[in-house]
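*Asks:* Here is my input; please provide its structure:
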Amino acid sequence: MAETHLVIVGTSVLRNGLKELGSPEAASCPGGGSAARCSDLVAACADPQRLDRERCKALQGDEECLGLLTCLASKSPFRMSAELNAMDWVVKDKCGDVRRIVLFASDTPEGRAAADVLSRFLGAECPGVEVVAEIVTGLGGEFWPGLLNLTRSLARWARRAFYRDNDIVYLNATGGFKPEAGMAILAAMLAAPVVPYYKHEAMKETVILPQIPLRVDEGRLRVLIGQLLNIAKKNAKIRLSDPNLSEVRWVLIYLAKMGVLRRLGGETYEVTERAEEILNLLAQIYEELVVKP
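*Replies:* Numbers count the residues shown, from 1 in each chain. Below you'll find the predicted structure:
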């Protein structure tokens, strides 16, 4: 039976690549003579002390540097990339039963570069496998829009792989930020039967999590969405103790404590433009969870 692997992409292949660019392995790769120049570009994407997204953009179109990073990945794939390390049980078998690998990367220069290197490596290591780099709009920038688009994209690919292609669907949740990875697991499991897996760099084996048949309480979710949309209006006045807001009080308390709701006195707050935006995005995320296959 064919498999689809949905992979959340972080930047480990760039961080580790930066270390490897000074190694003898780099000198033996095509383009190894440019290791110092490439190191400067990769540092702008992956070194916390030298991050420069404008400079990092130059890496995306630099065939020599991307080729050098891909060569380094081919020499030590499981040391270079957390995502590939978690997929060792797949890659070692030349992706034998895999139909498709979808890489979900952030909408940032470093996210695009990391996805590019992984796409090149997997394209060479897994002949005949469709490798798709899915750049998720907003991911890596504004948290709520990025989370919404990641939820939409993952759910769409999970439904397509399972219901249209009849594939076994795996989700590699090793890369990226943990809040997004947690939401990704939930959204994917609600969209279709999906098997998440993960490998910490200190672990010797990949851990597969149980496939859990989840179902949303749609009636309650519709009430929640309705409450969110009812108050997601700039300058609306709300009371945190209002019994009609019981399903969304948790987010209102959070927004109030973060200063996103404007306090008018006592438990009365005014919805700001930023609060309106967040509440609307949260309602849209919930809508994605009730979409049928």
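*Asks:* mind listing the strands for the stretch 151-293 of the chain?
*Replies:* 168-172, 194-198, 207-208, 237-239, 261-265, 268-271 (DSSP state E, counting those that start in this stretch).
*Asks:* Tabulate the ones you listed (TSV), appending mean pLDDT.
*Replies:* Output for these, formatted as TSV (pLDDT from 0 to 100):
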stretch	mean pLDDT
strand 168-172	97
strand 194-198	95
strand 207-208	92
strand 237-239	93
strand 261-265	93
strand 268-271	94
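*Asks:* which of the residues in stretch 145-162 are buried?
*Replies:* 145-155, 157-162 (16 or more other C-beta atoms under 10 Å). Bear in mind the C-beta positions are built from the backbone N, C-alpha and C, glycine included.
*Asks:* Helices - which of the residues you listed land there?
*Replies:* 145-155, 157-159 (DSSP state H).
*Asks:* in the stretch 101-250 of the chain, what spans have low per-residue confidence?
*Replies:* The stretch 101-250 of the chain contains residues with pLDDT under 70 at 201.
*Asks:* how much space between the residue nearest to Ala192 when sequence neighbours are not counted and Ala283?
*Replies:* Excluding the flanking residues, the one nearest Ala192 by C-beta to C-beta, 6 or more residues apart in numbering is Phe162, at 3.8 Å. Going from Phe162 to Ala283 by C-beta to C-beta, to the nearest Å gives 26 Å.
*Asks:* can you pull the pLDDT of Pro293?
*Replies:* On the pLDDT scale, Pro293 is placed at 60.
*Asks:* just Leu51 next, same as before
*Replies:* On the pLDDT scale, Leu51 gets 89.
*Asks:* Next one, pLDDT for the residue lying closest to it once chain neighbours are set aside please.
*Replies:* Among residues not flanking Leu51 along the chain, Ala44 sits closest, at 6.7 Å (C-beta to C-beta, 6+ apart). You'll see Ala44 listed with a pLDDT of 95.
*Asks:* residues near Ala44, how many?
*Replies:* Using other C-beta atoms under 10 Å, Ala44 is surrounded by 21 other residues.
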